[in-house]
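S.K.: Pasted the sequence and its predicted model underneath.
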Amino acid sequence: MSFVLQPGEQHERRAFEQCMGRDTAKRRGAGRPRVRPPRVVGDKAYSPRCIRHWLRQHGIRVTIPRKVTERRRGPFDKQVYRLRARVEQLINRLKQFRRIATRYEKRGHNYLWMVTIGAILLWL
């Protein structure tokens, strides 16, 4: 899991490519670490064509529901999409740390480290 900090008034999809190229995942067995995940599950905010096109170009499978205003329809796996709730639950549990919820840290990199430390504490 990786975190990208951005200004509050910007849309999340502006940091999408930056977030996707952030961390590596260990491979089973020998070989170079995998840079990108095999599948991305997101909410309707990540539904635009540009994001779907970028994911297809990089060989990443997509599980993102389409907006009502989009004309194209395609296959959608509800079972995989339900796993997205785990990420939402992690974010809600991170907000239990007062320092993260009220943003005591005024500098961005300090706040990012507090979010990382909070995620590690929840993981342990």
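M.R.: Sure thing, it's come through. For clarity, every value in this text was computed on a predicted model and none was experimentally measured.
S.K.: Every contact and neighbour count from this point should use C-alpha atoms.
M.R.: Will do.
S.K.: Show residues contacting the lowest-mean-pLDDT helix or strand in the chain.
M.R.: Across the helices and strands of the chain, the lowest-confidence element by mean pLDDT, DSSP states H and E is helix 16-20, at a mean of 73. By Cα atoms under 8 Å, 6 or more residues apart in numbering, the residues outside helix 16-20 that reach it are S2, F3, V4, R36, I51.
S.K.: cool, and stretch 76-95?
M.R.: Outside stretch 76-95, the residues that touch it by Cα under 8 Å, 6+ apart are V41, G42, T63, I64, P65, I100, A101, V115, G118, A119, L122.
S.K.: isn't the second one right next to R61, touching?
M.R.: No: taking Cα atoms under 8 Å as the definition, G42 is not a contact partner of R61, at 11.4 Å.
S.K.: just the strands in this structure please.
M.R.: Here the chain has its strands, by DSSP state E, at 39-41, 61-63.
S.K.: ends of stretch 98-105, how far apart?
M.R.: Start-to-end span of stretch 98-105 (Cα to Cα, to the nearest Å) is 11 Å.
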